[in-house]
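In: everything below, folded, please.
(one chain, ligands or ions: 1)
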Amino acid sequence: MISQEFDFHAPTTLSEALELLAANAEDGKALAGGMSLVPAMNLGIARPTAVISLNRLAELDYVREDGDVVRIGAMTRHARIVSDEVVAGTFPLLAQAAAVIGDVQVRNRGTIGGSIAHADPAADYLPVVLALGAGFVAASTAGERTIPARDFFRGVMATALAPGELLVEIQLPRPPAGAGTAYLRLARLEGSFPLANAAAVVDGGPGTVAVGGTTGAPFVLEIEDPEALDEVERSAHDAAADAFPDLAATAEYRRSMAGVFARRAVEAALEQRNGG
Ligand SMILES: Cc1cc2nc3c(=O)[nH]c(=O)nc-3n(C[C@H](O)[C@H](O)[C@H](O)COP(=O)(O)OP(=O)(O)OC[C@H]3O[C@@H](n4cnc5c(N)ncnc54)[C@H](O)[C@@H]3O)c2cc1C
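Out: Predicted structure coming up:
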């Protein structure tokens with residue numbers, strides 16, 4: 001039950017939403033799908049004095065091809081990412097990540113922008129957008145700026161967004177023609193957050209692997225030789241030195257899984273590149 005009173009706003013334009021956020025920059029919260037914010041408010045973890053719903057902003061719900069980039073509006077629901085033809089044809093790993101988020105209700109309500117802005121360390125999208133080299137467009141009443149995914153995630157539920165800023169668009173560059181990509185996750189139960197997850201992109205030369213679920217913020221590694229799988233595993237294991245423990249897994253186990261899932265994701269991407 002939400003015990004705290006708050007003002008509820010349902011703007012119909014982005015500029016109106018940004019004005020409301022600016023006016024409530026310290027204690028206001030944007031509401032997207034509500035799949036993380038509402039439980040947090042129920043538990044009293046989040047206590048906003050103003051809730052600004054983005055659900056009437058149809059202008060933030062889109063998947064658009066634009067030359068070498070695909071633009072995805074922040075209010076695009078997970079279910080649309082699962083079924084969108086452009087996403088399936090260009091970034092199958094993004095569709096795969098969306099397809100395993102929670103359950104059908106969560107996918108019908110939850111949004112890609114909400115998931116990225118919330119920055120749960122184990123969120124399915126995070127390694128995918130990191131490995132793909134995404135850029136995030138943040139908007140406020142002061143204007144817009146684009147933040148590379150690599151500079152965005154700062155820790156557990158901490159991002160580069162400033163108070164009053166809204167994530168409005170995810171920009172994904174097309175992977176090189178013939179590249180192999182993969183997304184893998186380790187979860188104890190279907191529909192639950194992963195304990196570790198990894199996404200990889202490889203073409204002819206060096207590759208990229210990103211790992212989530214093990215450290216406060218997901219991390220990304222450039223890999224000189226993707227075929228050197230022992231080295232990939234070692235590098236990811238090293239990078240997960242500050243893996244966190246919780247009731248589901250020890251820090252050592254998570255660190256070990258960072259290496260194992262980085263390796264498996266690169267292996268799967270190599271297989272896909274080679275037509276497997
Ligand atoms: C039962 C259950 C199971 C789940 N399982 C998984 C899972 O397996 N994998 C997974 O990745 N996720 C999982 N989730 C989380 C789900 O993906 C949520 O959709 C996501 O975390 C938040 O998206 P949302 O649109 O609901 O955002 P909300 O809950 O509305 O918002 C979350 C936070 O982000 C902020 N915010 C929202 N949109 C923006 C924006 N555009 N700009 C700036 N800030 C914004 C809000 O103010 C709030 O602080 C699960 C959730 C539930 C309830």
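In: every contact and neighbour count from this point should use C-alpha atoms.
Out: OK.
In: what about the helix or strand hosting residue 220, average pLDDT?
Out: Secondary structure assignment for residue 220, by DSSP states H and E: strand 219-223. For strand 219-223, mean pLDDT is 97.
In: what of stretch 82-93?
Out: If you average the pLDDT values across stretch 82-93, you get 97.
In: report the buried residues of that stretch.
Out: Across stretch 82-93, burial judged by 16 or more other Cα atoms under 10 Å covers 82, 87, 90, 91, 92, 93.
In: surely residue 244 and residue 256 touch.
Out: No. Between residue 244 and residue 256 there is no contact, the gap being 11.7 Å when judged by Cα atoms under 8 Å.
In: neighbour count for these two, which is higher?
Out: Neighbour tally, residue 244 and residue 256, criterion other Cα atoms under 10 Å: the higher count belongs to residue 256, 21 against 17.
In: give me the nearest residue to the more buried one, chain neighbours excluded.
Out: Distances taken as Cα to Cα, 6 or more residues apart in numbering place residue 237 nearest to residue 256, at 6.0 Å, with adjacent residues excluded.
In: for that neighbour, which three-state class applies?
Out: Assigned by DSSP: H, G, I helix; E, B strand; the rest coil, the conformation of residue 237 is helix.
In: what's the burial count for it?
Out: Neighbours around residue 237, by other Cα under 10 Å: 22.
In: any idea how far it is from residue 123?
Out: Here residue 237 is placed at a distance of 19 Å from residue 123 (Cα to Cα, to the nearest Å).
In: just residue 273 next, same as before
Out: Applying Cα to Cα to residue 273 and residue 123 gives a distance of 26 Å.
In: what's the local residue count around residue 22?
Out: Neighbour count of residue 22, defined by other Cα under 10 Å: 17.
In: residue 161 too?
Out: With other Cα under 10 Å as criterion, residue 161 counts 19.
In: equivalent analysis for residue 33, please.
Out: Using other Cα under 10 Å, residue 33 is surrounded by 25 other residues.
In: that one belongs to a helix, doesn't it?
Out: No. Counting by three-state DSSP, residue 33 falls outside a helix, being coil.
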